[in-house]
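Participant: give me the fold of what follows.
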Amino acid sequence: MDDPVQTTDAAPIRAGDQRDDEQRTDARPDVEQVPPENPEGHRPGPLGRLGLWVTAHGKIVTAAWILLVVGLGIFAPFVEKNLSGAGWQADGSDSVAVRELAVEHFGGNASSAIQVVVTGQQPLTSGDGPRVLAEITDVLKGDSRVSEVMAPMPGATLSPDGKTGIVLAGAGADTNDMVRAATDLTPKLKALSTADVQVAPTGASVLWSDFNSANLEAMLTSEMISWPVTLGILVLAFGALVAAGLPLLLTLAGLIASAGVLVLLNELMPVSIWAMNFAMMFSLALGIDYALFVVVRFRAARMGQQLSMRAAIAQTMDTAGKAVLLSGATVLVSLSAVMLVPSPSFRSMAGGIMISVLFVLAATLTLLPLVLAKLDHRINKFALPWSKVAEHRSPAFERWAERLWRQPLRWGGAALVILVALAVPIVGLNTAMPSIKVLPEDSSARVGYDQVKSALGDGAPGMLSIIVPTDQAGAAEQVLKSDSGIVAALPPMSPTDGADLRMIQAMPTVDPSDPALGQTVDRLRETLPQGSLVGGAAVENLDLKSQLDTSTPLVIAVVMLLGFLLLLVALQAPLIAFLGTLVSLLSTAAAFGVARLVFQDGIGASLFGFESQGFLDAWAPVFFFAMIFAIAMDYTVFLLASAKEHWETERDAKAAMIGAVAHSGRVIFAAGGVMVAVFFTFALSGPLPPKEMGVILGVAVLLDAFLVRLVLLPVILRLTGRAAWASPRWLQKVLPKVSFSHN
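Facilitator: Presented below is the predicted three-dimensional model:
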C-alpha cells in the first residue's frame, strides 16, 4: 500500500495555504529546510499516518461509524431494562454460599427473596387483612421468578399484636432477575393497599430496585443540568460554538455505542446498571478532555502556523493524538486493576467504563480528525469576539509559568500545605456498606424496613440465615440461644428436596448497619459447629466489605505500578515518571480527607441534601481511587507530554517547563473546569452514593487540575531541572522509542 502521506486529502487543499519565505523555518542549520506543509519534510509517525488515512478515506470512516453507532444504538434504549442492580457480593464467601443453598434447597428463602410487609390498623386476621393477604399471594404466585410463597408465621414473621406480617416470596431466579422481579411486582403489590391496610415490599432485591430507580432519575437530572453547563464552559474554552460542540458529539457517539455493547454483554454475563451510569459520566469528562486537547492543537497548526490541512492533521495526531492515546491507555490500566476485586458489580462497573473509554478514544483518533478536516476553518464559526482561535501558546499561562520558575518554593509550598491539610482527616476515615439511609424516605424498601423494625425488633430487617448439616442442627441451636448478639432463633427448617441440611433463622439484637453485627457474625463463625455457614443480606454486605478491605491495598499498588510504567514508557525518564505518579496520591488523599468531613462527620450535609450514615460507603476507596488516579494521570500525561515535546526540541529545562504550562495550561484549566462542573452536578441530586461520587471526584479534579498539575508538577520540573529527563542508557535500550517532538 502506498504511504498515506502521498494520498490525496478527502478535504480540498488550497494552494494558498503555504507559508511565505519570511515565515519560520527549522532552526537547525544542518538540516535541509522543507516547508512543514510538505508531508515529505516530516515523515508522520503511526498516528499521523492514521490521521492522514482517515482524512483520505472519509467515506469509509464515516460509513463505519454510522454502522457502528446505529447498529449498537438499536440496543441502547434497552439498557435501563436489561442491566441489573445486583452483584454486590464477595464471590466465594460463606454468605453467597448460603444464598445459593437457600435457593436450591429451601424454597428460595434467601437474601434475594422479596419480603412483602403488610401493616393494618387492626390484626391482619380481621377487616381487609385476609383479602389483601390473599391478593398478595395471587400476585406473587403469578410470577415465574417466585418459587414459594410463605404466609406470615406467628413468632417469626408476624408481630405479637398481629398487625404487621411479612409474606415471603422465595427467590426462584438469580439475584439479577430477582431485582427485575421486584421492579415489576412492587407497583402491583403497593396497589393492593387499602384505607386500613398498607402494603410495602422490602428486602435486598426491592432495595436495589428502588435504588436503581432513584439513581437513574438522579443521573438523568444531573445529565440535563451538566450538558448545558458543559457546553457553556466549552464555548468559553474554545472561543467558538462549532468547536465547542465537537466534544459533546464525540461523547454522544461513544455513549450510544457503549450502551449497546453493555446490553449485548449482559446476555453473556450480568452487567450492573451502575456500569452505564459511570460510563455516562466518565465518557463525558474524558471525551471533552481529549477533544479539547486535539482541537486546540489542530487550530494552532492550521490557523496559527498556516500549515496545509494534511500537515496540520499529521502534526496534531503525532503530538496531541499521541498524548490522548497514552492518556487513554493510562485510564484503561488504572480501571483494569478494579477487576482484581472478586465482585460482579465492581468488575462490570470497571468494564463498562473501560468500554466507553475505548469508544471515546476510537472516536477521538479516527472520527475527530475527519471532522476537523471537513470543517477546516468553519470550526471557528460563531466565534466569540475576543477569542484567539489560532493561539496555542497562552500568554497568561506563560506568565504564570515564569512566576513559578522564579518562585518555586513559595507557590509549590503553598500548594503542598493545602493538599496535606485537606488530606489529614483521612486518618479517621471509617467505611461500611450502605445502610437503608441511601434510599429516599418514601421508597417502598425503606418504608417496609422501618415497619418491620418497629413491629418485630431492631434486628428483624437483618435476619441471619445459618445452614448446618442435619446432625449439627441441635448444637447450632444451642450456640445461637446462648449468644448475646442473638435475640431469638427459629426452629430448624427442613429442605424441600430432602438434602442433608437444615436452615436456622436468627434475629440479631442490633440494626443491620450497626458495627456490632459484624462482631456477632465473627463470633458465630468461630463457635458454630464445623460445616456451618452464616449468611443473610446483612452478612453479604459484611463479607463484601471484608473483601474490599483486603483488595484495596492490592488495587492501589497495581494502579500505581501500572501508571508509573506507562509514564515511564511515554516519557523515557524514570525520575519525572516516578514523581508524576507520586503526586497523584496527594489529590486523591485530599479528596478522601474532604469526603470524611462531609459524609462521615456530616459537614455540609444540609447543603448537599443527604442524611449522614456516620461513615463512607466501603466501595468508595477502591473504586474512586482508580477513577481519580485515572483522571489525575490524564492531566499528567497532557502536561508532561507537552514538556517532553519542548525538551526534545530545545534540550532546556526552563523551556520545557514554561512551554508545557503555556501550551497545555489552558486545556487543563478548561478541561478541569468542565469535569468539576460535571461531577458536582451529580452531587446535587439523587441518593447518597452518587453524591459521594460527585463530591469526591469533583474535589479530586479541582485539586488535581489546579493545584497539582498547574502548580506542584511544574514546580517539580523546575526543581529537578535536567535531572527530570535523565535516563540511563540501559533503560533507553529496553524501552520502546516514544517521541513527542514534531520538528
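
Participant: got the contact list for the closest residue to residue 562 other than its chain neighbours?
Facilitator: Ranked by CB to CB, 6 or more residues apart in numbering and with sequence neighbours excluded, the top spatial neighbour of residue 562 is residue 333, at 4.2 Å. Using the backbone N, CA and C atoms, a C-beta is placed for each residue, glycine as well. Neighbouring residues of residue 333 by CB atoms under 8 Å, 6 or more residues apart in numbering: 559, 562, 563, 566.

Participant: same deal with residue 605?
Facilitator: Residue 605 neighbours (CB under 8 Å, 6+ apart): 598, 611, 612.

Participant: just the C-alphas of stretch 275-292, formatted as CSV.
Facilitator: C-alpha atoms of stretch 275-292 as CSV (Å, rounded to 0.1, in the frame of the first residue of the first chain):
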residue,chain,number,x,y,z
ALA,A,275,-21.7,0.4,34.6
MET,A,276,-23.8,2.6,32.4
ASN,A,277,-24.1,5.4,35.0
PHE,A,278,-20.4,5.6,35.5
ALA,A,279,-19.8,5.3,31.7
MET,A,280,-22.0,8.3,31.0
MET,A,281,-20.1,10.5,33.4
PHE,A,282,-16.7,9.3,32.6
SER,A,283,-17.2,9.4,28.8
LEU,A,284,-18.4,13.0,29.0
ALA,A,285,-15.4,14.1,31.1
LEU,A,286,-12.8,12.2,29.1
GLY,A,287,-14.4,12.9,25.7
ILE,A,288,-14.2,16.6,26.4
ASP,A,289,-10.6,16.3,27.6
TYR,A,290,-9.4,14.5,24.5
ALA,A,291,-11.3,16.6,22.0
LEU,A,292,-10.2,19.8,23.7
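
Participant: ok now it, how far from the chain's centre?
Facilitator: In this view, stretch 275-292 has its centroid 10 Å away from the chain centroid, taken as CA atoms, centre = their mean, to the nearest Å.

Participant: again with stretch 247-254
Facilitator: Computed by CA atoms, centre = their mean, the separation of stretch 247-254 from the middle of its chain amounts to 18 Å.

Participant: rewinding a little: for the contacts of residue 605, which one is nearest residue 454?
Facilitator: Closest approach to residue 454 among those (CB to CB): residue 611, at 18.2 Å.

Participant: for the closest one, give me phi and psi.
Facilitator: Dihedral angles of residue 611 (phi, psi; degrees, to the nearest 10) stand at phi -100, psi 120.

Participant: I'd say it and residue 438 touch.
Facilitator: No. The criterion here is CB atoms under 8 Å, and residue 611 misses it with residue 438 at 9.0 Å.

Participant: residues shared between the contacts of the two?
Facilitator: residue 688.

Participant: just want to know which of these two has more residues nearby.
Facilitator: Between residue 611 and residue 438, counted using other CB atoms under 10 Å, residue 438 has the larger neighbour count: 25 against 13.

Participant: spatially nearest residue to the more buried one (excluding sequence neighbours)?
Facilitator: Nearest residue to residue 438 in three dimensions, chain neighbours excluded: residue 688, at 4.4 Å (CB to CB, 6+ apart).
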